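In: Pasted the sequence and its predicted model underneath.
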Protein chains: 2
Amino acid sequence: MLSEHYRGMLQNKSVIREMCAWGAARAAQIGKENVFDYSLGNPSVPVPQSFTDEMIHLLETQPPVALHGYSPILGIQSVRQAVADSLKKRFGLPYEAKHIFMTTGAAGAVAHAVRAVTQPGDVMLTFAPFFPEYNPYINGAGVELQVVPANVEDFQIQFDAFEAMLGPNVAAVLVNTPNNPSGVVYTTATLKRLAELLRQKGREYGHPIYLISDEPYREIRFAGVDGPYVASMYENTLTCYSFSKSLSLPGERIGYVAVNPAAEGADVIADMCGQISRETGHNCPPSIIQLAVSKVLDQTSDLSVYETNMNLLYNELTSLGFTCVKPGGTFYIFPKALEEDAVAFCNRAKQFELVLVPSDNFGVKGYFRMAYCIDTEKVKRSLPALRALAESYK
Amino acid sequence: MLSEHYRGMLQNKSVIREMCAWGAARAAQIGKENVFDYSLGNPSVPVPQSFTDEMIHLLETQPPVALHGYSPILGIQSVRQAVADSLKKRFGLPYEAKHIFMTTGAAGAVAHAVRAVTQPGDVMLTFAPFFPEYNPYINGAGVELQVVPANVEDFQIQFDAFEAMLGPNVAAVLVNTPNNPSGVVYTTATLKRLAELLRQKGREYGHPIYLISDEPYREIRFAGVDGPYVASMYENTLTCYSFSKSLSLPGERIGYVAVNPAAEGADVIADMCGQISRETGHNCPPSIIQLAVSKVLDQTSDLSVYETNMNLLYNELTSLGFTCVKPGGTFYIFPKALEEDAVAFCNRAKQFELVLVPSDNFGVKGYFRMAYCIDTEKVKRSLPALRALAESYK
């Protein structure tokens, strides 16, 4: 019989996907240049030429049997070493290759990290607003995700609510900074207080509470924003990274889990991730992509366009009267809608050829997300549409 | 707390890995050319140049943002269409793009197929000898794997035992032809009888029994061997394919599930696989590899070396008195050991610099596997070592 569970999941329609489909259909009607599609977080700037050159170099010079051969289940050793060296140099933690597990993007990284540090039946906490795909990663491990309500003042952490929810059955806490969808970066003060609370409760309950830090937007931060490397603030941290956004390679599925060398179980967690892979048939990111990325670890695409776009949108939105926390990174902004029902608001926005995503799936009601990974010229052209949308509420 | 389940899996040492590690260590001592390492199924012939050319062409001519962009969760639409067209042309079944789900190799394909057509608590059957990684793919889905004993006469199916085990709680049956480790190909007669039995029991129990056909070795078949396309024999078939062996691309993690258009649920199974991916964070094989492979679907590496090697080994082994079923495909051969304890036999083989894999993990005792995906010249040089090993038992 077909799986009832997975067949049932097909019924849950994704609002993001519906909005995106509307945008595509509308573009086919009136031309792509006339639709202001802010629905999808697909990078808009090219990968550095050095990556492309490295790929071609590998294809032209390496013996194909070795180049395309099986990667060890934890990743190619030289690649793991290069990632460890880069993190050590940049963030000062004594990572070794044994702490690195290569993954298919941050999705694969988070799904593995969750399974490594929980038992079925455990609880995990995350903070609203949050990326809705955390639900399947966590529920698929037999773990319950509970969501700490948003601190809508600044989208830092609402510590009273968090502490009340941080019971002895909480195995791990998941943070995402810079944050999708709010664009907010957790400050030093936030992370320090978070770490102290996790340490205190861990001692009280007699087991470590792991921090899973989902960091695909780590390299997209704006000028002057305070936001330290999460693992440097708390020892029991599993850093989940993706090159999707920093190198504009989302389709090539490459990232890693980096286990803080000071974490409890640091010497076995990457090995355990390899065992998790065996059950899901995942078995490593592609060899050639591992090798090419390992040569450009400390590079990024030209990410400056995202800050330019953010400033344009933030200034316009606030001048139009929107309530909006200024993003410190990512390519998202998360303003309050002009009516309580965010879906109704986003549906009205379609009249102005604006494709926005309502906040409900992100665990907060009454907001909307704009993914501004599009050309700056188009952002500028969209500002009158935003103004017309705001005026329609007057 | 660290997951007890995955931490426990670390304790199960793989005999294949141990043998392989011994081979590598020995090669470091006496030189790689002096160790006859038959432990690993890593292809030994290069990918066709047309694949390499296509990769370079994509990198040199395609806009990087589109080339490296997210693949839809079921795979790139043009790639799914190309796979469907190729299968339709070659095997005569009316596949459409909607029946194809792109995966990270056959491992990903089988892991998804299992989850799509079972419920936790179900039973699946497979036939000894079998690839031991089926255990984690199936157990990881909460499903129990039961193994039908081997028919050691010819490694076709022992139907009496199979029928006795095919109870109403069996959701699916997993076959692997050409077979790892035996090299045997299921004949038309075997598959016909299998299909008839599955149909009969399906009617009797009131639910379809799915056939999951793991076919990474489909293109490696030897002259004159009878062995039809499995899905053409039984409607409720999910074909799990990998390009790892046919194109010598094991590290690039690319394959697919093809759902027989006549299968019960054919219109939703690929969609369900997409939902399964969401839980494991797998999310598609790499975009550039999907695109390049779609241009060389009907090509293979030069696979003739495997038949040459098989004939050399089969003739030598049988002349030395080994009991051995002649392989019809793959790059494996699976002779009976010269003592009951296959591990002891393989340990003795080390004295002759032969790296063999004992059969215990494959669900049969007293046999050993040789993976002859190595140079023919080396196979020839290994024959005296095999002879010396055999003579040591006289």
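Out: Ah, there it is. Predicted model, so just to flag it, every value in this text is computed and none were measured. Residues are numbered from 1 along each chain as shown, chains lettered A, B, ... in the order given.

In: Just confirm residue A:365 contacts residue A:340, I think it does.
Out: Yes. Here residue A:365 lies in contact with residue A:340, judged by Cβ atoms under 8 Å, at a distance of 7.3 Å. Just so you know, the C-beta spots here come from the backbone N, C-alpha and C atoms, and that holds for glycine as well.

In: neighbour count winner among the two?
Out: Per other Cβ atoms under 10 Å in any protein chain shown, whichever of residue A:365 and residue A:340 has more neighbours is residue A:365, with 15 against 10.

In: Which strand or helix spans that one?
Out: Residue A:365 belongs to no helix or strand when assigned by DSSP states H and E.

In: what's near enough to touch it?
Out: A:340, A:342, A:359 (Cβ atoms under 8 Å, 6 or more residues apart in numbering or on different chains).

In: Need phi/psi at the first one.
Out: When you say that, I think you mean residue A:340. Backbone torsions for residue A:340, taken as degrees, to the nearest 10, come to phi -60, psi -40.

In: Let me see the contact set for it.
Out: A:365-366 are the contacts of residue A:340 under Cβ under 8 Å, 6+ apart.

In: And it, how close does it get to residue A:46?
Out: Counting by Cβ to Cβ, to the nearest Å, the separation of residue A:340 from residue A:46 is 40 Å.

In: try residue A:269
Out: Residue A:269 is 35 Å from residue A:46, by Cβ to Cβ.

In: Just the local confidence number for residue A:13, please.
Out: Per-residue confidence at residue A:13 stands at 69 (pLDDT).

In: How about residue A:59?
Out: Looking at residue A:59, the pLDDT reads 98.

In: what helix or strand is it on?
Out: Using DSSP H and E, residue A:59 maps to helix A:49-61.

In: touching chain B at all, the helix or strand following that helix?
Out: Counting by DSSP H and E, the next helix or strand C-terminal to helix A:49-61 is helix A:64-67. Yes. Using Cβ under 8 Å from any Cβ of the partner chain, helix A:64-67 comes into contact with chain B via A:64-65, A:67.

In: Now do stretch A:180-189: everything it contacts.
Out: Residues contacting stretch A:180-189 (Cβ under 8 Å, 6+ apart): A:41, A:129, A:131, A:154-157, A:175, A:177-179, A:194, A:216-217, A:221, A:225-228, A:230, A:233, A:310, A:325-334, A:357, A:359, A:362, A:367, A:369.

In: Drop anything exposed from the residues you listed.
Out: A:41, A:129, A:131, A:155-157, A:175, A:177-179, A:194, A:216-217, A:221, A:227-228, A:230, A:233, A:310, A:325-334, A:357, A:359, A:362, A:367, A:369 (16 or more other Cβ atoms under 10 Å in any protein chain shown).

In: Let's see which of the residues you listed end up in strands.
Out: A:175, A:332-333, A:357, A:369 (DSSP state E).

In: Restricting to these, which residues neighbour chain B?
Out: For chain B, no contacts are drawn from those by Cβ under 8 Å from any Cβ.

In: In a markdown table: the residues you listed, plus distance to residue B:280.
Out: As requested, these are exported to a markdown table (distance: Cβ to Cβ, whole Å):
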| residue | distance to residue B:280 |
| --- | --- |
| A:175 | 22 |
| A:332 | 25 |
| A:333 | 31 |
| A:357 | 25 |
| A:369 | 25 |
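
In: got TSV for those residues, with distance to residue A:52 and pLDDT too?
Out: Formatted as TSV, these follow (distance: Cβ to Cβ, whole Å; pLDDT from 0 to 100):
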residue	distance to residue A:52	pLDDT
A:175	33	98
A:332	27	98
A:333	31	98
A:357	31	96
A:369	31	98
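
In: Could you identify the most distant pair in those residues?
Out: Farthest-apart pair in those is A:175 and A:357; separation 21.4 Å (Cβ to Cβ).

In: packing partners for the helix holding residue A:59?
Out: For helix A:49-61, the contact count by 3 or more Cβ pairs under 8 Å, 6 or more residues apart in numbering or on different chains; DSSP states H and E identifies helix A:287-294, helix B:49-61 as packing neighbours.

In: so who does residue A:246 touch?
Out: So residue A:246 contacts A:216, A:218-220, A:300-301, A:303 (Cβ under 8 Å, 6+ apart).

In: change it to 10 Å
Out: Residues near residue A:246 by Cβ atoms under 10 Å, 6 or more residues apart in numbering or on different chains: A:43, A:47-48, A:215-220, A:296-297, A:299-301, A:303.

In: From residue B:334, how far off is it?
Out: 47 Å.

In: For chain A, name the helix or strand with the lowest mean pLDDT.
Out: Of all helical and strand segments in chain A, the minimum by mean pLDDT, DSSP states H and E falls on helix A:15-30, at a mean of 89.

In: Tell me the buried residues in that one?
Out: Applying 16+ other Cβ under 10 Å to helix A:15-30 flags A:15-16, A:19-20, A:22-23, A:26-27 as buried.

In: how far does it sit from the chain's center?
Out: Put simply, helix A:15-30 sits 23 Å off its chain's centre (Cα atoms, centre = their mean, to the nearest Å).

In: What residues are bridge-paired with the closest residue to residue A:342 other than its chain neighbours?
Out: Excluding the flanking residues, the one nearest residue A:342 by Cβ to Cβ, 6 or more residues apart in numbering or on different chains is residue A:358, at 3.6 Å. Under the criterion DSSP bridges, residue A:358 forms beta bridges with residue A:368.

In: and stretch A:119-139, which residues are buried?
Out: Buried-residue list, stretch A:119-139, by 16+ other Cβ under 10 Å: A:122-139.

In: so where is chain A shaky, pLDDT-wise?
Out: Low-confidence segments of chain A (pLDDT under 70): A:13.

In: Contact partners for residue A:299?
Out: By Cβ under 10 Å, 6+ apart, the neighbours of residue A:299 are A:47-51, A:219, A:246-247, A:293.

In: Just the buried ones from these?
Out: So, by 16+ other Cβ under 10 Å, the buried ones in these are A:47-48, A:51, A:219, A:246-247, A:293.

In: Between which two of those is the distance greatest?
Out: Distance extremes for these: the farthest pair is A:51 and A:219 at 14.3 Å, using Cβ to Cβ.

In: the helices in the stretch 151-300 of chain A, which residues?
Out: A:159-165, A:188-205, A:269-280, A:287-294 (DSSP state H, counting those that start in this stretch).

In: Format the ones you listed as JSON lines; extra columns: distance to residue B:150.
Out: Shown next, in JSON lines, are the helices of the stretch 151-300 of chain A (distance: least, Cβ to Cβ, whole Å):
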{"stretch": "helix A:159-165", "distance to residue B:150": "54"}
{"stretch": "helix A:188-205", "distance to residue B:150": "50"}
{"stretch": "helix A:269-280", "distance to residue B:150": "24"}
{"stretch": "helix A:287-294", "distance to residue B:150": "34"}
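
In: re earlier: report the distance from the helix holding residue A:59 to the chain centre.
Out: Counting by Cα atoms, centre = their mean, helix A:49-61 comes out at 28 Å from the chain centroid.

In: Now do it against helix B:49-61, angle only.
Out: 160 degrees (axes from the mean of the first three to the mean of the last three Cα atoms, to 10 degrees).

In: Show me what counts as buried in helix A:49-61.
Out: Across helix A:49-61, burial judged by 16+ other Cβ under 10 Å covers A:51-52, A:54-55, A:58-59.

In: So which of the helices and strands packed on helix A:49-61 is nearest residue A:353?
Out: Of the helices and strands packed on helix A:49-61, nearest to residue A:353 by Cβ to Cβ is helix B:49-61, at 32.1 Å.

In: Render the CA-only coordinates of the closest one in PDB, please.
Out: Backbone C-alpha positions of helix B:49-61 (Å, rounded to 0.1, in the frame of the first residue of the first chain) are rendered in PDB as follows:
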ATOM      1  CA  GLN B  49      34.300  11.800 -23.200                       C
ATOM      2  CA  SER B  50      30.900  13.100 -24.400                       C
ATOM      3  CA  PHE B  51      29.900  13.500 -20.700                       C
ATOM      4  CA  THR B  52      33.100  15.500 -19.900                       C
ATOM      5  CA  ASP B  53      32.600  17.600 -23.100                       C
ATOM      6  CA  GLU B  54      29.000  18.300 -22.100                       C
ATOM      7  CA  MET B  55      30.000  19.400 -18.600                       C
ATOM      8  CA  ILE B  56      32.600  21.800 -20.000                       C
ATOM      9  CA  HIS B  57      30.100  23.000 -22.600                       C
ATOM     10  CA  LEU B  58      27.600  23.800 -19.900                       C
ATOM     11  CA  LEU B  59      30.200  25.600 -17.700                       C
ATOM     12  CA  GLU B  60      31.500  27.600 -20.600                       C
ATOM     13  CA  THR B  61      28.200  28.600 -22.200                       C
END
